[in-house]
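Enquirer: Here is my input, please return the structure:
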Amino acid sequence: MPKDLLYLASRMEKYSKAVGLDANQYTTDLSLAILAAVAQDTPVDVGTAKSNWQLTIGSAAKGVRRAFSPFTSRWRAPRGQGGSKGETRNQAGVVWSGTNALKARKPDQTVYIVNNSSYIDPLNEGHSPQSQPGFVQKAVIRGRSTANSRFRFKNTERA
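Expert: Here you go, the predicted model:
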């Protein structure tokens, strides 16, 4: 085989590996951006719906988890402050949990982002005065846009 073709074959092999590395990094960046966006946009009463955005690898999460930082409801007696006090801690817990799950992800594994709270669908349909209908879809689009704007192909530039 002529030297030019051997060189080309070598470069193509490096490039294909680099594309795989970039694709894996993009999947991680995209997953975290979407997770953060849906958690941020979820209306808050006691923190359970926001805390139940779960990122898992290989299969969808089952069950409902407790709020990372629960607080008393502003809508039910006894009335409390509701969503404002622990909202950032609940969102941080969601992102932290998702980040840890992604650390163990292999390149060919599927990422799932789910919310198993029983009232996430009614919230997304607009049953909360804190959000508009379709907040989940809008957050996913915003997360994708954020990931796209931040991502730069790193490995393929060096291949």
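Enquirer: check contacts around the most centrally placed residue in the chain.
Expert: The residue lying closest to the centre of the chain (C-alpha atoms, centre = their mean) is Leu35, at 2.1 Å. Applying C-beta atoms under 8 Å, 6 or more residues apart in numbering, we find Leu35 in contact with Trp53, Leu55, Val94, Val95, Gly98, Ile113, Gly143. Glycine gets a C-beta too; all of them are placed from N, C-alpha and C.
Enquirer: how about a cut-off of 7 Å?
Expert: Trp53, Leu55, Val94, Val95, Gly98, Ile113 (C-beta atoms under 7 Å, 6 or more residues apart in numbering).
Enquirer: Which members of these define the maximum pairwise distance?
Expert: Spanning the widest gap among those are Val95 and Ile113, at 11.6 Å by C-beta to C-beta.
Enquirer: So which residues of this structure form strands?
Expert: 53-57, 111-115 (DSSP state E).
Enquirer: could I get those strands as JSON lines with distance to Leu123?
Expert: Formatted as JSON lines, these follow (distance: least, C-beta to C-beta, whole Å):
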{"stretch": "strand 53-57", "distance to Leu123": "12"}
{"stretch": "strand 111-115", "distance to Leu123": "9"}
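Enquirer: what ranges do the helices span in the chain?
Expert: Assigned by DSSP state H, the chain shows helices spanning 3-41, 48-51, 87-103, 120-124, 135-150, 155-158.
Enquirer: quick one: the first one to chain centroid distance?
Expert: This points to helix 3-41. 18 Å (C-alpha atoms, centre = their mean, to the nearest Å).
Enquirer: Now do the buried residues in it.
Expert: The neighbour-count check on helix 3-41 (16 or more other C-beta atoms under 10 Å) flags 18, 22, 24-41 as buried.
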